[in-house]
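> Quick one: sequence and predicted model below, then my questions.
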Amino acid sequence: MYKILEKEVLSDVTKLMVVEAPQIARKARAGQFVIVLMHENGERIPLTIADYDRKAGTLTMIFQEVGKSTLEMGTMKVGDEFKTIVGPLGHPTEVENFGTIICVGGGVGIAPIYPIARELKEAGNHVISIIGARTKDLLLWEDKMRAVSDELIVTTDDGSYGRKDLVTVPLKEMMESRKIAKIWAIGPAIMMKFVSATTEPFKVPTIVSLNTIMIDGTGMCGGCRVLMDDGAKFVCVDGPEFDAHKVDWNNLLSRMTFYRGQEQAAIARWKESHKCNLDRAVAEGVK
Amino acid sequence: MAELTKKDRMKIPRQDMPVQEPDARVKNFTEVALGFTQELAQLEAQRCLQCKDASCREGCPVEVPIPDFVGAVRDGDMAKAVEIMKSKNNLPAICGRVCPQEVQCESRCILGKKGEAVAIGRIERFVGDYELAHRTCDVKKGPSTGKKVAVVGTGPAGLTCAVDMGIYGHDVTMFESLHTPGGVLVYGIPEFRLPKSVIRSEIENAACALGIEIKASHIVGRTLLIDELLKEFDAVFLGTGAGLPMFSPIPGINLNGVMSANEFLTRVNLMKGYLFPEFDTPVWVGKKVAVIGAGNVAMDSARCALRLQSLGMGNAGPDSEVHIVYRRSAEEVPARQEEVHHAKEEGVIFDFLTNPVEILGDGKGGVSAMRCVRQKLGEPDQSGRRRPIPIEGSEFDMEVDQVVFALGTNPNPIVFVNAEGLERKRQGTVVANQETGRTTLKGVWAGGDVVTGAATVISAMGAGKRAAADMNNYLKDKSAW
């Protein structure tokens, strides 16, 4: 179970995997996520579902190598198996025909915004997508996004491709010039915070998908809780999508750094052990 | 040994169980109580007066024939003791470790009237461990009935129900939402109180002997729904426990360092955070930890925190402290006596009649202190315990950097998607017949914490057992719905 059927290297640090998970694919819908566990000693990592194929019984996950676990996951090959994938978790995106909507995807967040854009398009919305990345190499799925969008704007922070802007700039222009019914934004927490701040003055309902620290994904640990203006909510069971204008972003950003000390120690340890392996391999190769 | 007189028996003192010394054990996660040797078990068993109308048995939620198994231990016939035990209790090695015997069987022991009760729990644990080591009493699947049973949840209620259903001859499939079966026994109870190897051995043994299939990482309510289970199975048992943590509705609960006992314990127990970085899941411990609540979960959290501090994790330093902060007094502490005793020995500080009203931030996202109010006890409340009343003007700040809430748990509503007709009460507990476990939805039984709210392992096992008996009658057409 949970075998990797395809693997694609989207950039140095971004990998795509298609995995066998028929039980989950059967139920998965846009906006939901899964939790993966590589092996007995691993940690449970929440990943938003980038795509699913009910017939083939597969899920597509895209992840960025940011911590020890994702670095290790990046070394998994086709044919390798996860110990566990569990889901689908959280509530699916509420899809209906709203009119003209905007989907904003930042970095690896372009992956989970894709099925949402697709479903919104299928429901008859006029879909404007804004996708952005730090640099050209980190941009992904431009073609797929184009195929499900009526209009597509691409930005990079460094101007290496598309417009040299943050995603919030074209977003603001759109709201100034057009009647926008609703906005979805998925990306790094800091991007979502600024999207929220950009759309709030225009009073355009804005939905963000939060990816906080969690363990079980079923409401048991409460580690994922986020402060909304009406109290704490659990991202895993109340979300992952929330009204961006009600989120306490500073609290969210602070909570995401809680284990940073241990995370950095783990990355250092991982890189050290891999350097050793590499040195050994080189030495043996020379012999 | 020559037959002892009643007087002789009453002269034997209650035997202590060998334990790891407090100084040593706070530095490791291995088991604290080491268990009786056979000599100690037999000596303790000699104390039992073998009462004709033994009331100890009435104190046991699964009615273990206590004088009979204790008698077998006294005679040195361990295989017989195991057989007697297993006629009522499938998981003695677990119950011997986690049951609150002092309010159950041992509270009824006649010896306790004047002196100390027979240490039934310690003898039970000895019998359970003997069975784990020697496997003298194999459970066997009954003649196949061809009926399919789904058991949702692999904690004490589900396990007990599944084993009995297997013995009755039904084909059992168990569903577990986490990646490891065992429920609260695995994610909640620490290794130093109930080793994972004991749970694994009990589950594997039962699953193998009875052909029970365990589907881990299957969340009923997400991966599969109750209405789908009803199409595929002839009967469904819900033993999904009470997994939803409660937080106090006070300011500051979302600061870094504030967490549920569920999160703290799951990181430590299920994910083995105390072995970080060998295991990937980090766990953090403060220099001054406040655990709110005084149940078993609170004791477990406090004692885990002490051990993590000894390992030098998180903010731990030379003056590290762990406090139990409880709004009532020592009299009302709901935890097992042994856990409270062990916690005190290990250095946990108890702050009674104290209630947090606000958690104060350090300006960097973390916790700097907890504002508390002193309490006094008033008239008894609904639970029969004296109600704590805040003392006006008694507010004070307690310097802490971690706050762990162990205030109890409610059933997880995630399970009940597409379960129309399955009635629940306001707190989310399932409405079920106390004797049979039948819910208001045909074909669905429930038992354990999901029905009662957070309670004990043994009461969940009792409910699993009663439900299994009724499910069996129903499936064998001995009773209509």
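Alright, I've got the coordinates.

> Would you map the strands across the stretch 201-350 of chain B?
Ranges of strands in the stretch 201-350 of chain B, per DSSP state E, counting those that start in this stretch, are B:213-215, B:235-238, B:244-245, B:258-260, B:288-292, B:321-325, B:349-351.

> Would you mind giving those as JSON lines with distance to chain A added?
(C-beta placed from N, C-alpha, C; glycine too.) Formatted as JSON lines, the strands of the stretch 201-350 of chain B follow (distance: least, CB to the nearest CB, whole Å):
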{"stretch": "strand B:213-215", "distance to chain A": "9"}
{"stretch": "strand B:235-238", "distance to chain A": "15"}
{"stretch": "strand B:244-245", "distance to chain A": "5"}
{"stretch": "strand B:258-260", "distance to chain A": "4"}
{"stretch": "strand B:288-292", "distance to chain A": "14"}
{"stretch": "strand B:321-325", "distance to chain A": "19"}
{"stretch": "strand B:349-351", "distance to chain A": "23"}
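
> hey, least reliable of those strands by pLDDT?
Among the strands of the stretch 201-350 of chain B, strand B:244-245 carries the lowest mean pLDDT, a mean of 92.

> Who are the packing partners of that one?
Helices and strands touching strand B:244-245, by 3 or more CB pairs under 8 Å, 6 or more residues apart in numbering or on different chains; DSSP states H and E, are helix B:261-268, strand B:409-410.

> Can you show me the helices along chain A?
Counting by DSSP state H, chain A has helices at residues A:22-27, A:68-74, A:110-122, A:142-147, A:168-177, A:189-199, A:235-238, A:249-255, A:260-286.

> Could you save the ones you listed as JSON lines and add columns showing mean neighbour count and mean pLDDT?
Output for the helices of chain A, formatted as JSON lines (neighbours: other CB atoms under 10 Å in any protein chain shown; pLDDT from 0 to 100):
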{"stretch": "helix A:22-27", "mean neighbour count": "19", "mean pLDDT": "95"}
{"stretch": "helix A:68-74", "mean neighbour count": "20", "mean pLDDT": "94"}
{"stretch": "helix A:110-122", "mean neighbour count": "24", "mean pLDDT": "95"}
{"stretch": "helix A:142-147", "mean neighbour count": "15", "mean pLDDT": "96"}
{"stretch": "helix A:168-177", "mean neighbour count": "17", "mean pLDDT": "96"}
{"stretch": "helix A:189-199", "mean neighbour count": "20", "mean pLDDT": "97"}
{"stretch": "helix A:235-238", "mean neighbour count": "23", "mean pLDDT": "94"}
{"stretch": "helix A:249-255", "mean neighbour count": "18", "mean pLDDT": "95"}
{"stretch": "helix A:260-286", "mean neighbour count": "12", "mean pLDDT": "76"}
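
> Briefly note if the top strand by length along chain B comes near chain A.
The residue-count maximum for a strand in chain B (DSSP state E) belongs to strand B:367-380. No: against chain A, strand B:367-380 shows no contacts by CB under 8 Å from any CB of the partner chain, the least distance being 11.3 Å.

> Next, the contact list for residue A:154, please.
By CB atoms under 8 Å, 6 or more residues apart in numbering or on different chains, the contact list for residue A:154 reads A:130, A:131, A:132, A:139, A:142, A:161, A:162, A:163.

> try 6 Å this time
Applying CB atoms under 6 Å, 6 or more residues apart in numbering or on different chains, we find residue A:154 in contact with A:131, A:162.

> Around chain B, pick out the residues from the stretch 51-200 of chain A.
Within the stretch 51-200 of chain A, the positions near chain B by CB under 6 Å from any CB of the partner chain are A:69, A:84, A:86.

> any idea where the helices of the stretch 101-250 of chain B begin and end?
B:105-108, B:111-114, B:120-134, B:156-167, B:184-187, B:196-210, B:226-232 (DSSP state H, counting those that start in this stretch).

> Please name whichever of those is nearest to chain A.
Closest approach to chain A among these (CB to the nearest CB): helix B:184-187, 7.7 Å.

> Now find how far off-centre the closest one is within its chain.
Offset of helix B:184-187 from its chain centre (CA atoms, centre = their mean, to the nearest Å): 8 Å.

> elements contacting it?
Helices and strands touching helix B:184-187, by 3 or more CB pairs under 6 Å, 6 or more residues apart in numbering or on different chains; DSSP states H and E: there are none.

> got the contact list for it?
Outside of helix B:184-187, the residues within contact range by CB under 6 Å, 6+ apart are B:155, B:180, B:199, B:241, B:266, B:269, B:270.

> pLDDT score assigned to the nearest residue in space to the second one that is not next to it in sequence?
Right, the one you point to is residue B:180. Excluding the flanking residues, the one nearest residue B:180 by CB to CB, 6 or more residues apart in numbering or on different chains is residue B:186, at 5.4 Å. Turning to residue B:186, the model gives it a pLDDT of 95.

> measure residue B:186 to residue B:197 for me?
From residue B:186 over to residue B:197 the distance is 11 Å, taken as CB to CB, to the nearest Å.

> out of these two, which sits in the busier spot?
When residue B:186 and residue B:197 are compared on other CB atoms under 10 Å in any protein chain shown, the one with more neighbours turns out to be residue B:186, at 23 against 11.

> closest to residue A:27 out of the strands of the stretch 201-350 of chain B?
Minimum separation from residue A:27 across those (CB to CB) falls at strand B:213-215, 14.8 Å.
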